[in-house]
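S.K.: What follows is a protein structure lacking sequence information:
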């Protein structure tokens, strides 16, 4: 288990499984060895990844009943080449089994690329993706840019807007190793969706500079 998201509307916990190339959905009140109520897994899902750069981020859009998963972040151990196209898979919230995604946002025009952060040999990851159901937008934090799409964008679609550059403060590559390590150790606490007053969308993006943390 790497990333997870909580659906407060339907009281469900969505978990990404990079090594099993799956998405697990649990009851909000699940305890102990309780099995998931739904599992998205199989070749038709297009969920691919490796131990070195698995699909370790997942988010939920409970308003539009969709699960969002970045993919294509893994690289082959043998020749360091990507194992799958980089992009964002969008599944129905109620999807179960070996099901195809509703949409796949991917291609050169999307500007969604793997960053250098997740692998020292040129691999990388989409660090986060989130839906804004109020403004009907999809935001992808990719490398050193925040890409803003129409929420229902699919295929090789250009973003509606791009936030990047030194003045924007966006760019994981600007962080020192010590800051990245500290960010990783704080991630579970800082991104806790159960915390009072949590800001899930804002918290998922890593700016260049100081990280907020609890005292």
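M.R.: Noted; the coordinates are in hand. For clarity, every value in this text was computed on a predicted model and none was experimentally measured.
S.K.: Find me the pLDDT at residue 68, would you?
M.R.: pLDDT for residue 68: 94.
S.K.: Check the contact between it and residue 132; I expect there is one.
M.R.: No - if you go by Cβ atoms under 8 Å, residue 68 and residue 132 don't touch, sitting 11.6 Å apart. Where C-beta positions appear, they are placed from N, C-alpha and C, glycine not excepted.
S.K.: The two - which one has more neighbours?
M.R.: Using other Cβ atoms under 10 Å as the criterion, residue 68 and residue 132 rank with residue 68 on top: 25 against 14.
S.K.: Report all helices and strands that the strand or helix carrying that one contacts.
M.R.: For residue 68, the host element (DSSP states H and E) is strand 66-71. Using 3 or more Cβ pairs under 8 Å, 6 or more residues apart in numbering; DSSP states H and E, the elements in contact with strand 66-71 are strand 59-61, strand 87-92, strand 126-132.
S.K.: These into TSV, with extra columns for distance to residue 7?
M.R.: Shown next, in TSV, are these (distance: least, Cβ to Cβ, whole Å):
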stretch	distance to residue 7
strand 59-61	5
strand 87-92	13
strand 126-132	12
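S.K.: The closest residue to residue 160 other than its chain neighbours: neighbour count?
M.R.: Sequence neighbours aside, residue 148 is the residue nearest to residue 160 in space, at 5.3 Å (criterion: Cβ to Cβ, 6 or more residues apart in numbering). Neighbourhood size, residue 148 [other Cβ under 10 Å]: 17.
S.K.: what's the answer for residue 152, then?
M.R.: 14.
S.K.: hang on, it in a strand?
M.R.: No - remark: residue 152 does not belong to a strand; assigned using DSSP: H, G, I helix; E, B strand; the rest coil, it is coil.
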